[in-house]
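Colleague: Return atomic coordinates for the entry below.
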Amino acid sequence: MTQASSFSREVASGGAFGSYEENKKVEAAAMSFVSRWYQKKGWQVTDVSAECLGYDLHCIKGRQIAHIEVKGSSGVDRKFIITANEMRAWEADPSFVHTLVANVKNKPQLHQFIGAESDEIPSIYCSVIHG
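Modeller: Numbering: from 1, shown residues only. A predicted model of the protein is given here:
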């Protein structure tokens, strides 16, 4: 299999780059889904995504705090890109929860990876250098 056809299969199944417009729609749908999910469970949810903290939502329930990084995917695969800032937060913050909403447009599936103790910490992540 060529590298191009492998990439094409990943795009078709989700977990790869889409257009800027499509990615924004998927991310917005995932943020909305996760916010509602936490609110239904009694959490107070604040969107902090513009503050570059390495996570998107600050959630409080009583004395519990959760820092939620939200990723969305239009496909069913559990693939996502994680930035260096998000990776640092994941490794250092015991309140960090990486949340992926797969198949966000059809039948959303919530997957959560909690802090550095998660069995599913990514071994690689993508970095793009603009020059």
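
Colleague: Report the residue spans of this protein with pLDDT below the cut-off.
Modeller: Low-confidence segments of the chain (pLDDT under 70): 1-17, 115-131.

Colleague: Can you give me the buried ones in stretch 87-106?
Modeller: 87, 89-90, 93, 96-102, 104-105 (16 or more other Cβ atoms under 10 Å). To be clear about C-beta, it is placed using only N, CA and C from the backbone, and glycine gets the same treatment.

Colleague: can you list contacts of that stretch?
Modeller: Applying Cβ atoms under 8 Å, 6 or more residues apart in numbering, the contact partners of stretch 87-106 are 14, 26, 29-30, 33-34, 53-55, 65-78, 80, 82, 86, 108-116, 118, 121-122, 125.

Colleague: Stretch 41-58 too?
Modeller: In contact with stretch 41-58 (Cβ under 8 Å, 6+ apart) are residues 31, 34-35, 38-39, 59-61, 65-70, 83, 85-86, 88-90, 93, 96.

Colleague: can you name the two of the buried residues of stretch 87-106 that are farthest apart?
Modeller: The distance between the two most remote of those (Cβ to Cβ) is 29.6 Å, for 93 and 105.

Colleague: ok, residue 39 - how many residues close by?
Modeller: By other Cβ atoms under 10 Å, the residues close to residue 39 number 12.

Colleague: So it lies in a helix, does it not?
Modeller: Yes - with DSSP: H, G, I helix; E, B strand; the rest coil as the criterion, residue 39 is assigned to a helix.

Colleague: tell me the contacts of it?
Modeller: By Cβ under 8 Å, 6+ apart, the contact set of residue 39 is residue 45.

Colleague: separation between it and residue 31?
Modeller: According to Cβ to Cβ, to the nearest Å, residue 39 stands 12 Å off from residue 31.
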